[in-house]
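Sharing a model that was predicted from the sequence below.
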Amino acid sequence: MPTKSKVQEFLKEIEVEDLVSNFQVMGDDIYIDMTSHSPAMHEKKKLEVAMKQAFASEFGEQINLKLKITSPELPATPVTNEIKGKQIAGIQNIIAIASGKGGVGKSTVAANLAVTLAKMGFKVGLLDADIYGPSVPTMLDTEGQKPISVEVNGRNLMKPIENYGVKMLSIGYFSGANQAVVWRGPMASKALNQMIRDADWGELDFLLIDLPPGTGDIHLSIIQEVPVTGAVIVSTPQHVALADVRKGIAMFNMESINIPVLGLIENMAYFTPEELPENKYYIFGKQGAQFMAEDLGIPVLGEIPLIQSIREAGDVGRPAALQENSKISEIYIKTAQNMVESLVERNKNLPATEAVKITTMAGCSPKK
Ligand SMILES: Nc1ncnc2c1ncn2[C@@H]1O[C@H](COP(=O)(O)OP(=O)(O)OP(=O)(O)O)[C@@H](O)[C@H]1O
């Protein structure tokens, strides 16, 4: 038969003591008043089921657990963003690059941003989480390479492949990558988690994660398990693409996720012919992203033109932003600076974490 002190001990053991405001034991009846972590109905239900199971296995099926679970008091001040998931030693900032829709150039933008940040003197990693269509190996000319295993502090870790000053991992480097298309969410997120946590990334200022397009369960599991500092959304100016941006942003703003959106990058914002670099043709419409960003209260970090050489550069594995003193490299430097500034702004809202260190690099200028 449970006693009050045994119940007290058990509440401590299962680490819910701080949620319990009152409890009584009367024979096999145990009354517990407690508060859930979140007001969401499913959270309360989850807590109830977990408590019932735990008590039945500790004190026997005959006990009668009478739970009263109330919602936590909503804080008077708005909740500040917090870093989710366990910190990854050595990695200062994890940025998710997302798009509401496929084919908007998210991977191209991620690859160009990565090489630009590296050129600016940051230590950069790029994780290709687009397991259904990995493009990092092609875009950064590392196709066919195989990450080796290294021993670090007694653990066998994957060593990321390196090119253009960027460390990278992609499912595309592993045999069986073709099977990834049939993977379900949990398998995919397990593979990704390994590429994040069982890899020798070393010290990084930024780990960019090229997410798959859309807003599926892979996204949810990555962004819930990985301590993402902020998200960058890539879109083209068309209405259909912009409509999906709202969905992407809504996902990051979900109560259980709450990852700040650092801003929007408008890709293929206008067309510029190679021979007339000052001419801009807004073939997909003008300022759509600008209006949407204003509406959603997020900054536009950059407007990347539609240029033939961006596509060609992606195909040959040398991101266009690497072309010294070109318009496109200038645009990417400005975009990366805006992203860092937005990150600094975001980090002001944070409790002191590793991520805050980047504030010392505010307004960073490109390496000479
Ligand atoms: N600004 C640009 N100018 C010209 N071509 C571009 C530009 N951005 C991307 N592209 C080209 O568009 C195609 C699609 O780009 P990319 O693979 O980066 O899209 P994505 O959004 O990552 O696609 P998905 O996530 O659906 O695989 C590529 O051929 C790429 O070279």
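Happy to help now that I have it.

Tell me which helix or strand the residue positioned nearest the centre of the chain sits in.
With distances taken as CA atoms, centre = their mean, Ala96 lies nearest the centre of the chain, 3.7 Å away. In the assignment (DSSP states H and E), Ala96 maps to strand 91-98.

With Gly263 instead?
Taking DSSP H and E as the criterion, Gly263 maps to strand 261-271.

Quick one: mean pLDDT for that strand?
Per-residue pLDDT over strand 261-271 has a mean of 91.

Parallel or antiparallel, list what pairs with the strand holding Ala96.
Sheet pairing of strand 91-98 (DSSP bridges) gives strand 204-210 (parallel), strand 230-235 (parallel).

Go through those and name the closest to Gln145.
Closest to Gln145 of these, according to CB to CB: strand 204-210, at 17.2 Å. C-beta: built from backbone N, CA, C; applies to glycine.

near the ligand, anything from the helix or strand that the closest one is followed by?
Once strand 204-210 ends, the next helix or strand along the chain (criterion: DSSP H and E) is helix 217-225. No. If you take CB under 6 Å from any ligand atom as the test, helix 217-225 misses the ligand, and the best it gets is 12.1 Å.

and the residue of the stretch 151-300 of the chain found nearest the ligand, how many residues sit next to it?
Residue nearest to the ligand within the stretch 151-300 of the chain (CB to the nearest ligand atom): Pro213, separated by 4.0 Å. When neighbours are counted by other CB atoms under 10 Å, Pro213 registers 22.

just Leu220 next, same as before
Leu220: 16 neighbours (other CB under 10 Å).

What residues does it make contact with?
Contacts for Leu220 (CB atoms under 8 Å, 6 or more residues apart in numbering) come out as 251, 257.

hmm, try it at 10 Å
185, 189, 251, 254, 256-257 (CB atoms under 10 Å, 6 or more residues apart in numbering).

can you give me phi and psi for the residue of the stretch 151-300 of the chain closest to the ligand?
Pro213 has phi and psi values of phi -70, psi 150 when expressed as degrees, to the nearest 10.

Please determine how far it is located from Asp244.
Separation of Pro213 from Asp244 (CB to CB, to the nearest Å): 9 Å.

mind checking how far the longest helix seen in the chain is from the chain centre?
Longest helix in the chain, counting residues (DSSP state H): helix 327-348. Its chain's C-alpha centre lies 17 Å from the corresponding centre of helix 327-348 when counted by CA atoms, centre = their mean, to the nearest Å.

what about it and the ligand, any contact?
No. Judged by CB under 6 Å from any ligand atom, helix 327-348 and the ligand are separated, with a smallest distance of 8.5 Å.

where along this structure do the strands fall?
Counting by DSSP state E, the chain has strands at residues 20-26, 29-35, 64-70, 91-98, 124-128, 149-152, 155-158, 161-163, 166-170, 204-210, 230-235, 261-271, 300-306.

Mind putting these into JSON lines with distance to Gln194?
Below are the strands of the chain laid out as JSON lines (distance: least, CB to CB, whole Å):
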{"stretch": "strand 20-26", "distance to Gln194": "37"}
{"stretch": "strand 29-35", "distance to Gln194": "36"}
{"stretch": "strand 64-70", "distance to Gln194": "36"}
{"stretch": "strand 91-98", "distance to Gln194": "15"}
{"stretch": "strand 124-128", "distance to Gln194": "11"}
{"stretch": "strand 149-152", "distance to Gln194": "12"}
{"stretch": "strand 155-158", "distance to Gln194": "8"}
{"stretch": "strand 161-163", "distance to Gln194": "15"}
{"stretch": "strand 166-170", "distance to Gln194": "9"}
{"stretch": "strand 204-210", "distance to Gln194": "14"}
{"stretch": "strand 230-235", "distance to Gln194": "22"}
{"stretch": "strand 261-271", "distance to Gln194": "26"}
{"stretch": "strand 300-306", "distance to Gln194": "30"}
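
What is the burial count for Met254?
Counted with other CB under 10 Å, residues neighbouring Met254 total 13.

right, I mislabeled it, should have said Asp18
10.

if I pick it, what's in contact with it?
Going by CB under 10 Å, 6+ apart, Asp18 touches 11-12, 34-35.

Kindly reformat the residues you listed as CSV containing pLDDT, distance to Thr229 and neighbour count.
Shown next, in CSV, are those (pLDDT from 0 to 100; distance: CB to CB, whole Å; neighbours: other CB atoms under 10 Å):
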residue, pLDDT, distance to Thr229, neighbour count
Leu11, 91, 35, 20
Lys12, 89, 34, 12
Met34, 89, 32, 21
Thr35, 87, 29, 18
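
so which pair among the residues you listed is furthest apart in space?
Farthest pair in the contacts of Asp18, by CB to CB: Lys12 and Thr35, 16.5 Å.

Poorly predicted segments of the stretch 251-368 of the chain, please.
Per-residue confidence for the stretch 251-368 of the chain (pLDDT under 70) gives these ranges: 255, 349-368.

Quick check: residues of it near the ligand?
Applying CB under 6 Å from any ligand atom, we find that the stretch 251-368 of the chain lies next to the ligand at 267-268, 304, 306-307, 310-311, 314.

which one of those has the most neighbours?
Ile304 (26 neighbours).

Right, I'll leave it there.
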